[in-house]
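1. Coordinates for the following, if possible.
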Amino acid sequence: MDRGIPIEEVLSEMRQSDPPVYYLVGTPKGRLTKLEQQLLSLPWHAVRPGVEVKLLPQEQELYVLAQSHDRMNKERAMRRGQLRALLKRLRELQQMKFSSGQKLLLKLGAAQGRYPAAWRLIDIDIPESSAQLSIVPFSFRLNRQKLRRVRRREGRYLLRTNLCAREPAELWQFYIQLVEIEAAFKNLKDDLALRPIHHQLQHRIEAHIFIAFIAYCLHVTLRARLRRVAGGLTARSVLDKFAAIQMLDLQFPTTDGRTLILSRYTEPNTDHKLLLEQLNLTLPPQPPPRITARRPYATLTPANEM
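-> Alright, predicted model coming up:
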């Protein structure tokens with residue numbers, strides 16, 4: 001999709017196209033703010049255990065407010081963790097003495113970059129006179145109005161679609177499929193490094209994409225195994241843990257000009273062994289040693305014969 005074309009024009013063309021083009025897309029948070037009062041009076045419809053939706057028809061479209069209790073609990077836990085850490089850091093900064101206001105602002109900027117979600121919920125008052133910053137501490141307080149607004153939106157998503165005649169459960173299933181497709185593209189680009197492709201020949205490009213697709217299949221298989229034995233772990237976290245196991249080549253020169261090569265992977269630690277056991281995987285045996293061919297010695301010609 002061309003990023004220069006407004007999304008409203010794109011969706012309008014899709015609604016008016018022949019044959020019709022159907023869509024189900026997410027909306028920015030500003031749209032939820034505009035429709036919030038209309039959505040409050042609508043009833044919830046259960047589409048699956050822990051998931052509910054509200055339907056708001058608007059002209060040729062249907063807005064779907066989805067609420068997932070699992071997602072709500074996860075987002076609230078993440079927000080509480082960030083908020084606790086930020087408040088602790090701000091209290092630490094209050095106890096420090098700063099020779100200039102610039103140093104205080106740098107420390108506050110670092111805290112904002114580390115806890116961006118929690119930072120939006122805090123109001124900070126900084127003395128106007130920078131000369132007094134080493135004496136008069138700054139103050140901060142929790143903005144409870146912003147906190148209530150954030151709590152109302154945690155675990156909720158506003159979607160828009162022109163599939164107005166579909167059942168709520170079916171729309172939710174479409175949305176889950178959309179999320180999975182987006183996650184697949186993210187894995188291909190990030191974890192599996194599909195892009196960029198620097199090949200020039202067509203068959204090499206196709207081979208690159210094919211290998212990346214096979215890697216993605218293994219990625220999905222690992223995620224499915226983790227769901228059964230360790231639901232709290234993601235495929236990315238497991239791969240990060242296993243990245244510590246490396247293959248090394250130890251080379252030992254021999255007296256006859258050859259080289260003895262021992263290929264060895266590093267010994268897995270306790271966490272690695274536990275993961276391998278849960279996933280029912282075993283590491284292969286250490287490869288056998290290899291020895292290179294004897295190097296021919298160069299024959300030197302005396303200088304007086306040249």
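2. C-alpha from now on. contacts and neighbour counts both.
-> OK.
3. Show me what the strand or helix carrying E180 packs onto, helices and strands only.
-> Counting by DSSP states H and E, the element that carries E180 is helix 168-189. Contact partners of helix 168-189 among helices and strands, from 3 or more C-alpha pairs under 8 Å, 6 or more residues apart in numbering; DSSP states H and E: strand 45-48, helix 202-229.
4. What pLDDT is listed against L93?
-> In this prediction, L93 carries a pLDDT score of 86.
5. following the host helix or strand of it, which helix or strand shows up next?
-> Using DSSP H and E, L93 maps to helix 69-94. With elements assigned by DSSP H and E, the helix or strand that comes after helix 69-94 is helix 101-114.
6. and that following helix with helix 69-94, angle?
-> Here the directions of helix 101-114 and helix 69-94 differ by 160 degrees (axes from the mean of the first three to the mean of the last three C-alpha atoms, to 10 degrees).
7. May I see the buried residues of helix 101-114?
-> Applying a neighbour-count criterion of 16 or more other C-alpha atoms under 10 Å, one finds G101, L104, L108, A111 buried in helix 101-114.
8. Surely the second one and Q94 touch.
-> Put plainly, it is L104. No: assessed by C-alpha atoms under 8 Å, L104 is found out of contact with Q94, at 9.7 Å.
9. Neighbours of Q67, how many?
-> Summarising burial for Q67: neighbours were counted as other C-alpha atoms under 10 Å, giving 22.
10. So it, which state does it fall into?
-> Here Q67 is recorded as strand under DSSP: H, G, I helix; E, B strand; the rest coil.
11. I'd like the distance between the nearest residue to it once chain neighbours are set aside and Y23.
-> With C-alpha to C-alpha, 6 or more residues apart in numbering as the criterion, Q67 has its nearest non-adjacent residue at 4.5 Å, and that residue is R156. For R156, the distance to Y23 equals 19 Å [C-alpha to C-alpha, to the nearest Å].
12. which of these two has more neighbours?
-> In this view R156 and Y23 are compared by other C-alpha under 10 Å, and R156 has more residues nearby, 19 against 13.
13. thinking the more buried one is in contact with S68, fair?
-> Yes: with contact taken as C-alpha under 8 Å, R156 and S68 are classed as touching, separated by 6.5 Å.
14. hmm, back to that, average pLDDT for the helix holding E180?
-> 77.
15. Now do the same for L159: helix, strand or coil?
-> Each residue gets one of three states, and L159 gets strand by three-state DSSP.
16. Equivalent analysis for the one 4 residues further on, please.
-> Under three-state DSSP, the three-state class of L163 is coil.
17. which ones are touching it?
-> Listed by C-alpha atoms under 8 Å, 6 or more residues apart in numbering, the contact set of L163 reads Y22, Y23, L24, E61, L62.
18. residues near the third one, how many?
-> Pointing back at L24 there. Neighbourhood size, L24 [other C-alpha under 10 Å]: 18.
19. ok, the residue found closest to it once you drop the neighbours it is linked to in the chain - contacts?
-> Sequence neighbours aside, T161 is the residue nearest to L24 in space, at 4.5 Å (criterion: C-alpha to C-alpha, 6+ apart). For T161, the contacting residues are Y22, Y23, L24, V25, E61, L62, Y63, V64, by C-alpha under 8 Å, 6+ apart.
20. ok so, going back, let me know the pLDDT of the residue nearest to Q67.
-> Residue-level pLDDT assigned to R156 equals 86.
21. What does it show for phi and psi?
-> Summarising the backbone geometry of R156 under the convention degrees, to the nearest 10, its torsions are phi -120, psi 140.
22. Using CSV, write out every CA atom in whichever strand or helix holds E36.
-> Here E36 is covered by helix 29-40, with elements defined by DSSP H and E. Output of helix 29-40 as CSV, limited to C-alpha atoms (Å, rounded to 0.1, in the frame of the first residue of the first chain):
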residue,chain,number,x,y,z
LYS,A,29,-6.5,5.3,19.3
GLY,A,30,-8.0,8.7,18.3
ARG,A,31,-10.8,6.9,16.6
LEU,A,32,-11.7,5.1,19.8
THR,A,33,-11.8,8.4,21.6
LYS,A,34,-14.3,9.8,19.1
LEU,A,35,-16.6,6.7,19.3
GLU,A,36,-16.2,6.0,23.0
GLN,A,37,-19.5,7.6,24.1
GLN,A,38,-21.5,5.6,21.5
LEU,A,39,-19.8,2.4,22.4
LEU,A,40,-20.4,2.7,26.1
